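J.: Sharing a model prediction with you, sequence too.
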Amino acid sequence: QVQLVESGGGLVQAGGSLRLSCAASGRTFSSWFRQAPGKEREFVAAITWSGSTTYYADSVKGRFTISRDNANYTVYLQMNSLRPEDTAVYYCAARLAYTTYFSDSRRYDYWGQGTQVTVSS
C-alpha cells in the first residue's frame, strides 16, 4: 500500500509560481493530474522512478516541471507562468510500474487527497 500526501497549493496571481510536493511511502511511477470545477480530471505530468524520463500535457509544456527526490520519496511539480486556466485541484497519483498509458487516470492505483491551486487574473 502506497500513501501519498500532497502540499504546496494556494492562491497566486497570473504569471506567478507555485511548487507542489507529493510525499510517497514507496517506489513509484508518479504523475500529477488536475480537475477544474465542472471538468474531467486531466493529466498534467508524469515521471519515472529514476527521474530520467518525464512527460507533459501540451497545455503545461515549457511552464511546469516535474521532478523527484528519491532519497526522500518526494515528487515535485514546479509551476511557473501560471494562468487563470490552471486553476484546479491538483492530485498526485502513483502506480508501482511504468505504463505507456500514463495520461489515463484509470491506470493509477494510488491517489493523494488533492490540493487547491487558484490563479487570479
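T.: Nice, thanks for sending it over.

J.: alpha carbons only for contacts and neighbour counts from here, please
T.: Noted.

J.: Give the helix, strand or coil label for the residue nearest in space to the middle of the chain.
T.: Nearest to the centroid of the C-alpha atoms of the chain, with distances taken as Cα atoms, centre = their mean, sits Trp32, at 2.2 Å. Counting by DSSP: H, G, I helix; E, B strand; the rest coil, the backbone at Trp32 sits in strand.

J.: ok, and the closest non-adjacent residue to it?
T.: Spatial nearest neighbour of Trp32, excluding adjacent residues (Cα to Cα, 6 or more residues apart in numbering): Cys92 at 4.7 Å.

J.: so what does the helix or strand hosting the one you found touch, helix or strand wise?
T.: Using DSSP states H and E, the element containing Cys92 is strand 88-95. The helices and strands touching strand 88-95, judged by 3 or more Cα pairs under 8 Å, 6 or more residues apart in numbering; DSSP states H and E, are strand 4-7, strand 29-35, strand 110-111, strand 115-120.

J.: Export the ones you listed to TSV and append columns for distance to Thr48.
T.: What follows is the helices and strands packed on strand 88-95, written out as TSV (distance: least, Cα to Cα, whole Å):
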stretch	distance to Thr48
strand 4-7	16
strand 29-35	5
strand 110-111	15
strand 115-120	22
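
J.: So in this protein, where's the weakest helix or strand by average pLDDT?
T.: Ranked by mean pLDDT, DSSP states H and E, the weakest helix or strand in the chain is strand 4-7, scoring a mean of 94.

J.: Each with direction, which strands does whichever helix or strand comes after it pair with?
T.: Following strand 4-7 in sequence order, the next helix or strand is strand 10-13 (DSSP H and E). Using DSSP bridges, the strands paired with strand 10-13 are strand 115-120 (parallel).

J.: Pull out the CA atoms of the partner strand and give them to me as PDB.
T.: Extracted as PDB, the C-alpha positions of strand 115-120 are listed here (Å, rounded to 0.1, in the frame of the first residue of the first chain):
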ATOM      1  CA  THR A 115      -4.500  20.400  -3.200                       C
ATOM      2  CA  GLN A 116      -6.200  23.600  -4.500                       C
ATOM      3  CA  VAL A 117      -4.400  25.900  -6.800                       C
ATOM      4  CA  THR A 118      -6.100  29.200  -7.600                       C
ATOM      5  CA  VAL A 119      -4.700  31.600 -10.100                       C
ATOM      6  CA  SER A 120      -6.200  35.100 -10.100                       C
END
